[in-house]
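J.: Got a sequence here, can you model it:
(one chain, ligands or ions: 1)
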Amino acid sequence: MIRLSRLAIHNFRVADIVLTTLNAKFIHAAFGLRYLMANLGELKSRACLAEFDINQRPLDIAEALLSRNPRIIGFGIYIWNVEPTTEVIATIKQIRPEIKIILGGPEVSYETEEQKIIEFADHVITGEADLKLAEVCRALLNQSDSEIRNPQSLIPKTIPAEPPDFSQIALPYDLYTDDDLAHRIIYVEASRGCPFTCEFCLSSLDIPVRQAPLDKFLAEMQKLLDRGLKQFKFVDRTFNLNVATSRAILEFFLARFRHGHFFHFEMIPDRLPEALREIIAKFPPGALQFEVGVQTFNPEVASLISRKQDYHRLTDNFHFLRRETGVHIHADLIVGLPGETVESFGAGFDRLIALGPQEIQVGILKRLRGTPIVRHDAEWQMIYNPHPPYEILQNKLIDFSTMQRLRRFARYWDMVGNSGNFIETTPLIWGSTSPFHSFLGFSDWLHARTNRTDGIALMRLMELLFEFLTSELHLDPKPAAEFLWRDYRRGGRHDKPGFLKDFLSEEKVAPLRRTKTALPKRQARHSV
Ligand code: SF4
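T.: Numbers count the residues shown, from 1 in each chain. Predicted coordinates:
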């Protein structure tokens with residue numbers, strides 16, 4: 001039986017316009033959908049939001065949408081939901097072909113006509129649809145019934161939307177419900193666009209950079225703080241681009257800081273002037289998380305993909321963040337870029353490990369629709385999976401089986417290196433050798449032992465890690481067990497795992513986490 005609470009977050013009600021999307025996870029509150037709703041003007045009272053997630057069955061989603069008896073359904077289409085949403089729309093069009101389907105979102109904003117989902121849509125708004133959607137809905141609702149049945153509708157199928165000026169759009173923060181604030185990830189943005197030109201990135205097409213009017217934005221942030229929101233996820237692609245604005249925002253939050261506050265920002269790594277350093281250093285440990293895209297340490301690769309990066313400044317900024325602040329750094333590297341060999345990627349990984357970020361996300365290159373990375377396809381023999389998320393399968397320098405090894409490396413690194421469950425034990429895997437090559441060896445061994453990259457319970461993973469350290473690397477089991485035991489207790493646990501008992505002293509010890517923390521779990525494990 002379908003549980004109503006999971007089917008849709010918002011009240012089930014009949015509405016002429018339903019705005020909907022399938023989120024990647026229930027916990028993600030759809031930000032774009034709320035922008036569209038906030039900007040519907042007089043049509044707002046005739047509209048409702050309906051959020052789903054990709055783990056729900058398309059047929060059930062179609063049923064829930066049809067039960068609202070809409071005349072128009074607007075779908076937000078993203079890389080993670082395009083396939084199940086295609087099924088939802090195909091079903092709706094079979095049952096109620098007269099319902100107007102409008103698509104929008106990054107996945108349908110480029111290479112639009114080549115996509116299957118477009119066949120089932122009446123209209124597609126490409127670009128930022130905040131204001132354009134209301135215009136299209138107004139026109140559709142004003143059409144007479146005879147016009148609506150007329151296939152020669154005057155409204156074109158593909159409707160380009162110019163990037164709206166921030167001063168013209170309504171901010172959507174009131175549309176987060178109290179339930180959203182209590183249980184879901186809340187996204188905010190102080191700017192849109194990116195001035196840089198990294199060829200793999202959709203944001204490189206997203207110019208010009210536009211700032212939300214600062215006073216208006218901060219007033220909305222104050223309202224969220226007053227409603228009790230503690231964790232803010234900024235989606236600005238380059239939060240530290242405009243130093244004066246980023247500093248003002250950081251000062252605003254620092255002045256209002258309470259226990260449990262947590263702010264996530266995406267930063268470019270080589271821009272941290274003194275004006276920002278000074279304010280960043282004042283935040284308590286764990287309160288700030290920076291997602292820092294490094295992507296490659298190979299200057300030739302960076303140049304091939306039109307990414308400008310000052311490695312000297314990047315290094316200096318990492319040193320500052322790790323030595324003088326309590327910022328949690330989540331750094332990104334990409335596997336599969338044109339010109340990047342396994343060796344040069346590995347050297348970059350080792351360089352990044354030495355800089356000490358708490359997490360390294362190893363991403364596999366994706367060919368996002370519309371991005372100029374395609375210009376390398378012939379020369380570098382880039383072969384991508386045709387299905388979302390369009391990850392690279394092989395290229396001239398990395399064959400398919402090696403790419404698969406690196407894909408598993410990324411997955412296992414996330415489970416072991418990033419999770420915070422093995423902070424002290426992970427470096428034992430490489431000792432004084434190359435972290436990349438040693439972890440790749442562990443990754444190959446782990447895959448041979450388990451034949452899977454998911455569904456490995458924490459205790460089983462811990463036991464396998466102990467086996468690898470002692471049987472494959474021939475480390476002394478007693479100190480290895482002590483390291484694992486300390487990591488295990490860091491999670492607040494104190495029951496000795498059976499496979500470690502023979503190697504640990506008898507004395508009773510308390511869990512390592514001594515102070516209560518309100519940080520997200522993974523960050524909390526890194527902070528003990
Ligand atoms: S990777 Fe980052 S810096 Fe480069 S275009 Fe994308 S958002 Fe901008």
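J.: can you map out the strands along the stretch 201-350 of the chain?
T.: Ranges of strands within the stretch 201-350 of the chain are 210-211, 231-234, 262-267, 288-295, 328-335, based on DSSP state E, counting those that start in this stretch.
J.: which stretches of the chain have low pLDDT?
T.: Regions of the chain meeting the criterion pLDDT under 70 cover residues 1-12, 144-153, 507-518, 528.
J.: in the helix or strand where residue 487 lies, what counts as buried?
T.: Here residue 487 sits within helix 477-490, counting by DSSP states H and E. Residues of helix 477-490 classed as buried: 480-485, 487-490 (neighbour count, 16 or more other Cβ atoms under 10 Å). Every residue, glycine included, has its C-beta placed from N, CA and C.
J.: quick revisit: what would the strands of the stretch 201-350 of the chain look like in CSV with distance to residue 198 and mean neighbour count?
T.: Below are the strands of the stretch 201-350 of the chain laid out as CSV (distance: least, Cβ to Cβ, whole Å; neighbours: other Cβ atoms under 10 Å):
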stretch, distance to residue 198, mean neighbour count
strand 210-211, 19, 16
strand 231-234, 19, 19
strand 262-267, 13, 22
strand 288-295, 7, 23
strand 328-335, 10, 22
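J.: List, one by one, the residues from the stretch 251-400 of the chain near the ligand.
T.: 268, 293 (Cβ under 6 Å from any ligand atom).
J.: Residue of the stretch 251-400 of the chain closest to the ligand, please.
T.: Of all residues in the stretch 251-400 of the chain, residue 293 sits closest to the ligand, at 5.0 Å by Cβ to the nearest ligand atom.
J.: Residue 431: which element?
T.: Going by DSSP H and E, residue 431 is not in any helix or strand.
J.: err, residue 171, not the other one
T.: Per DSSP H and E, there is no helix or strand for residue 171.
J.: returning to what we had before: on contacts alone, who are the packing partners of the helix holding residue 487?
T.: Here helix 477-490 touches helix 458-467, helix 498-501, going by 3 or more Cβ pairs under 8 Å, 6 or more residues apart in numbering; DSSP states H and E.
J.: Identify whichever of the ones you listed lies nearest to the ligand.
T.: Of the helices and strands packed on helix 477-490, nearest to the ligand by Cβ to the nearest ligand atom is helix 458-467, at 31.6 Å.
J.: ok so, going back, tell me the contacts of the residue of the stretch 251-400 of the chain closest to the ligand?
T.: 266, 268-269, 331-332 (Cβ atoms under 8 Å, 6 or more residues apart in numbering).
J.: Same question for residue 222.
T.: Counted by Cβ under 8 Å, 6+ apart, residue 222 has contacts residue 256.
J.: To residue 62, which of the strands of the stretch 201-350 of the chain lies closest?
T.: Counting by Cβ to Cβ, residue 62 lies closest to strand 231-234 out of the strands of the stretch 201-350 of the chain; the figure is 30.1 Å.
J.: Can you list the strands that the closest one pairs with?
T.: strand 187-188 (parallel), strand 262-267 (parallel) (DSSP bridges).
J.: After the first one, which helix or strand is next? Please name it.
T.: Sequence order places strand 191-192 as the next helix or strand after strand 187-188, per DSSP H and E.
J.: so residue 232 bridges to which residues?
T.: Residues in a beta bridge with residue 232, per DSSP bridges, are residue 263.
J.: on that earlier part again, could I get the contacts of residue 293 as a markdown table with distance to residue 27?
T.: What follows is these, written out as a markdown table (distance: Cβ to Cβ, whole Å):
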| residue | distance to residue 27 |
| --- | --- |
| 266 | 19 |
| 268 | 27 |
| 269 | 28 |
| 331 | 23 |
| 332 | 21 |
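J.: Residue 41 versus residue 130, what's the distance?
T.: Relative to residue 41, residue 130 is positioned 11 Å away (Cβ to Cβ, to the nearest Å).
J.: what about the two, which has more around it?
T.: residue 130 (24 against 13; other Cβ atoms under 10 Å).
J.: now, which of the contacts of residue 293 sits nearest residue 389?
T.: For the contacts of residue 293, the nearest to residue 389 is residue 332 (15.0 Å; Cβ to Cβ).
J.: I figured residue 297 was touching residue 351, is that so?
T.: Yes. The pair residue 297 / residue 351 is scored as a contact, 5.1 Å apart, by Cβ atoms under 8 Å.
J.: out of these two, which sits in the busier spot?
T.: residue 297 (21 against 16).
J.: Nearest spatial neighbour of the more buried one, chain-adjacent residues omitted?
T.: Nearest residue to residue 297, sequence neighbours excluded (Cβ to Cβ, 6 or more residues apart in numbering): residue 348, at 3.5 Å.
J.: List the contacts of that neighbour.
T.: By Cβ under 8 Å, 6+ apart, residue 348 lies in contact with 294, 296-298, 333.
J.: Since that was my last question, I'll sign off now.
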